[in-house]
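1. I'd like to go over a predicted model; first the sequence, then the structure.
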Amino acid sequence: MHIAVAGNIGAGKTTLTELLAKHYNWTPHYEDVDENPYLNDFYEDMQRWSFNLQIYFLNSRLKQVLDIRKSGKTVIQDRTIYEDAEIFAPNLHAMGLMSTRDFKNYTSLFQLMSNLVQAPDLLIYLRASVPTLVSQIQKRGREYENSIRLDYLKQLNERYEAWISRYNAGKLLIIDVDKNNFPNVPEDLSAVIDKIDAQIHGLF
């Protein structure tokens, strides 16, 4: 079974992935942040590095999804292959940070790849307001994230909401992070787990 956690920068994807992997004894697959050779360059010069970064993510996530399906294990994945194509790449293009030529090239590559992968059995979307995202980004203190602008987070949030409103590739569970503090409140985590149990029992 393939469970995936989606959400904006700072929504709590990695934390929830860790907590659920521990609770259910699932195998976690994390986003390749520390090993990513483009992230620092991207945040310093988005226009120069946007296409390279998105291609790196696409390649990395396709490999992840193929590995997940081959593994035969129940895997929980931190961020999905869809988010780059539905949210990050179109946003960079709209902001003038990725050329139309690069965006078309990227989109056609994504469409080809998406035909090779199955959607997650369950997608968990972490919905969070911009103030919540900013607070959580500041807490984790990644140096390259210091320069993320509020309008950038807001634009990403709008694209996430648009994507989720039309998502129909599989089961979907939405968690409101403004109202659910699962990293610090055990009762809140239990509420998330109860909702996941209800969804999972419908998968068998």
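-> Looks like it arrived, so ask away.

2. Next one: residue 63 from residue 83, what distance?
-> 16 Å (Cβ to Cβ, to the nearest Å). C-beta coordinates here come from the backbone N, C-alpha and C atoms, glycine included.

3. of the two, who's got more company?
-> residue 83 (22 against 11; other Cβ atoms under 10 Å).

4. Identify the nearest residue to that one in space, disregarding sequence-adjacent positions?
-> Spatial nearest neighbour of residue 83, chain neighbours left out: residue 6 (5.8 Å); criterion: Cβ to Cβ, 6 or more residues apart in numbering.

5. And for residue 193?
-> Closest to residue 193 by Cβ to Cβ, 6+ apart is residue 23, at 6.2 Å.

6. Report how many residues lie close to the one you found.
-> Look at residue 23: counted by other Cβ under 10 Å, it has 13 neighbours.

7. Next, it: phi, psi?
-> When quoted as degrees, to the nearest 10, the phi and psi of residue 23 stand at phi -70, psi -50.

8. Any idea which residue is closest to the centre of the chain?
-> Among the residues of the chain, residue 79 comes closest to the average C-alpha position under Cα atoms, centre = their mean, at 2.8 Å.

9. contacting residues for the nearest residue to it once chain neighbours are set aside?
-> Using Cβ to Cβ, 6+ apart and skipping residues adjacent in sequence, the residue nearest residue 79 is residue 31, 4.8 Å away. Contacts for residue 31 (Cβ atoms under 8 Å, 6 or more residues apart in numbering) come out as 13-14, 78-79.
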